[in-house]
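S.K.: Sequence first, then the predicted structure:
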Amino acid sequence: MKKSLITVALFTALSGFAQDNQCVSTTKKGDRCLLTSWSNSLCWRHNPDYVKKEVNPTVVCSSKKKDKTNCKVKTKHSSGICYHHRPKN
Ligand SMILES: [Zn+2]
Ligand SMILES: [Zn+2]
């Protein structure tokens, strides 16, 4: 009997947890989105902030070369510095 009570308690906790983390948006069919939300109660697919992070605009490296001319290498890195001039770690 004790074991079944624990199972029920665990299930309640898990289902509550799942609801809190479920995306509040709907799919194109009008069904509730089943993906796990990660911020703003929206999943990665429905969260506009996620898309912004995914697509970094291509920029010209803001660093300078050894001869003090501007580096012209294009990069999509969020730092705006190409892989030649970024510190390696
Ligand atoms: Zn979603
Ligand atoms: Zn560069």
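M.R.: Nice, I can see it. Ligands and ions are numbered 1, 2, ... in the order given.
S.K.: quick one: what helix or strand has the spatially closest residue to W38 that is not a sequence neighbour in it?
M.R.: Once flanking residues are discounted, W38 sits nearest to W44: 6.3 Å by CB to CB, 6 or more residues apart in numbering. Every residue, glycine included, has its C-beta placed from N, CA and C. W44 belongs to no helix or strand when assigned by DSSP states H and E.
S.K.: What does V60 show for phi and psi?
M.R.: Dihedral angles of V60 (phi, psi; degrees, to the nearest 10) stand at phi -80, psi 140.
S.K.: circling back to that earlier point, quick check: the gap between the residue nearest to W38 and S4.
M.R.: In this view, W44 and S4 are 37 Å apart by CB to CB, to the nearest Å.
S.K.: more neighbours, those two?
M.R.: Neighbour count, other CB atoms under 10 Å: between W44 and S4, W44 has more, with 16 against 8.
S.K.: these two touch, right, that one and C33?
M.R.: No: here W44 does not reach C33: they are 10.6 Å apart, not a contact under CB atoms under 8 Å.
S.K.: residue ranges with poor pLDDT in the protein?
M.R.: By pLDDT under 70, the weakly predicted segments of the chain are 1-2, 6, 8-20, 50-55, 89.
S.K.: how does it look with 80?
M.R.: Applying pLDDT under 80 to the chain flags residues 1-20, 38-40, 48-56, 88-89.
S.K.: Quick check: residues of the chain near ligand 1?
M.R.: The chain comes close to ligand 1 at residues C23, S25, C33, L35, C43, R45, H46, as judged by CB under 5 Å from the ion.
S.K.: and which of those residues is nearest to C61?
M.R.: R45 (32.0 Å; CB to CB).
S.K.: quick one: the closest one from L5, how far?
M.R.: According to CB to CB, R45 and L5 sit 38 Å apart.
S.K.: rewinding a little: quick check: phi and psi on the residue nearest to W38?
M.R.: The phi/psi pair for W44 (degrees, to the nearest 10) reads phi -60, psi -30.
S.K.: higher neighbour count, R45 and L5?
M.R.: More neighbours surround R45 than the other of R45 and L5, with 12 against 9 (other CB under 10 Å).
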